[in-house]
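A.B. asks: Could you work out the structure for the sequence below:
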Amino acid sequence: MPPLNGLESAASALRYYERKQEVVANNLANLSTTGFKQQRIFAQLLDGIRPVARTSSDLAVGTLRQTGSPMDVAIEGDGFFVVSTPAGERYTRGGTVRVDDKNFLVDSDGNRFLGMKKNEPLKMLDGPVEITPTGEVRQNGQVVDIIRMEGAPKDGELQREGHSLWIPPTDNKQVVPIESRRVRQGHLEESNVNSMSALVDMVTVQRSFASVQKAIIEMDRTNETATTQLAKPL
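C.D. replies: The predicted structure follows:
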């Protein structure tokens with residue numbers, strides 16, 4: 001592969017900063033999204049000089065906010081609830097839940113929570129819903145089921161789907177032991193985006209982008225000078 005010239009390197013840098021700005025803007029836009037996990041972006045150098053944007057998800061737990069509503073549920077610590085969607089099983093960190101018109105426990109988008117007994121959607125009874133710290137779902141003193149909970153793979157990156165769902169790994173699933181669970185009914189997990197850090201990142205990206213643009217303009221002027229002045233016949 002031929003070596004990159006200054007303009008090509010600068011163009012790669014612009015593409016990197018464009019992508020970084022998209023990621024930071026998306027983090028800021030989801031500052032108030034329940035359970036949202038921010039993305040982090042870093043540059044991978046190709047050919048030792050060309051930066052290419054790579055992203056990873058920060059799975060750090062956000063602040064748990066007490067709401068007092070029995071239909072709000074969050075996970076303190078690591079792990080995910082498992083829900084059934086039209087595209088297959090997905091992970092979620094919880095949020096506001098409800099019982100749908102067919103008596104299934106679902107999330108805000110209508111995805112059904114899966115239980116451990118038969119690995120089927122939780123079919124609810126009549127009466128108030130109680131969810132214990134271990135994820136056990138009870139109604140009228142009767143145990144309906146235990147919500148399935150799995151952990152993120154230790155050696156891989158979960159693929160994000162939308163703002164609040166994750167695609168589980170195809171194998172090596174990590175089941176969260178009952179004794180290790182810390183489910184909090186009446187709580188919501190806030191986004192783990194730090195607003196001040198994200199705003200600083202946005203300003204830094206904009207300044208870096210402007211600096212590269214200026215460098216491109218100067219290189220273009222230099223090329224024009226070389227073409228129109230230095231190349232003139234004597």
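
A.B. asks: What is the helix or strand of the chain at the bottom of the mean pLDDT ranking packed up against?
C.D. replies: When each helix and strand of the chain is scored by mean pLDDT, DSSP states H and E, helix 195-225 comes last, with a mean of 81. For helix 195-225, the packing partners by 3 or more Cβ pairs under 8 Å, 6 or more residues apart in numbering; DSSP states H and E come out as helix 6-29. (C-beta placed from N, C-alpha, C; glycine too.)

A.B. asks: Report the buried residues of the helix it packs on.
C.D. replies: 9-10, 12-14, 16-17, 19-21, 23-24, 27-28 (16 or more other Cβ atoms under 10 Å).

A.B. asks: That helix to helix 195-225, inter-axis angle?
C.D. replies: 160 degrees (axes from the mean of the first three to the mean of the last three Cα atoms, to 10 degrees).

A.B. asks: any idea which residue sits dead centre in this structure?
C.D. replies: Lys37 (4.1 Å; Cα atoms, centre = their mean).

A.B. asks: Please tell me how far that residue sits from Leu165.
C.D. replies: Going from Lys37 to Leu165 by Cβ to Cβ, to the nearest Å gives 11 Å.

A.B. asks: Repeat that for Glu218.
C.D. replies: 46 Å.

A.B. asks: okay, those two: which has more neighbours?
C.D. replies: Set side by side, Glu218 and Leu165 show more neighbours around Leu165, with 21 against 12, by other Cβ atoms under 10 Å.

A.B. asks: For the nearest residue to that one once chain neighbours are set aside, what is the enclosing helix or strand?
C.D. replies: Leaving aside its sequence neighbours, Leu165 sits nearest to Arg90 (Cβ to Cβ, 6 or more residues apart in numbering; 4.4 Å). Using DSSP states H and E, the element containing Arg90 is strand 88-92.

A.B. asks: State the mean pLDDT of that strand.
C.D. replies: Averaged across strand 88-92, the pLDDT comes to 95.

A.B. asks: quick one: buried residues of it?
C.D. replies: 89-92.

A.B. asks: same thing with stretch 114-132?
C.D. replies: Buried, per 16+ other Cβ under 10 Å, within stretch 114-132: 114-116, 121-122, 124, 129, 131.

A.B. asks: Can I get those in a markdown table including secondary structure and distance to Asn172?
C.D. replies: Putting the buried residues of stretch 114-132 into a markdown table (DSSP: H, G, I helix; E, B strand; the rest coil; distance: Cβ to Cβ, whole Å) gives the following:
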| residue | secondary structure | distance to Asn172 |
| --- | --- | --- |
| Leu114 | strand | 19 |
| Gly115 | strand | 22 |
| Met116 | coil | 19 |
| Pro121 | strand | 24 |
| Leu122 | coil | 25 |
| Met124 | coil | 32 |
| Val129 | strand | 32 |
| Ile131 | strand | 28 |
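
A.B. asks: can you list the residues you listed in CSV and add pLDDT?
C.D. replies: Shown next, in CSV, are those (pLDDT from 0 to 100):
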residue, pLDDT
Leu114, 97
Gly115, 96
Met116, 93
Pro121, 96
Leu122, 96
Met124, 94
Val129, 95
Ile131, 97
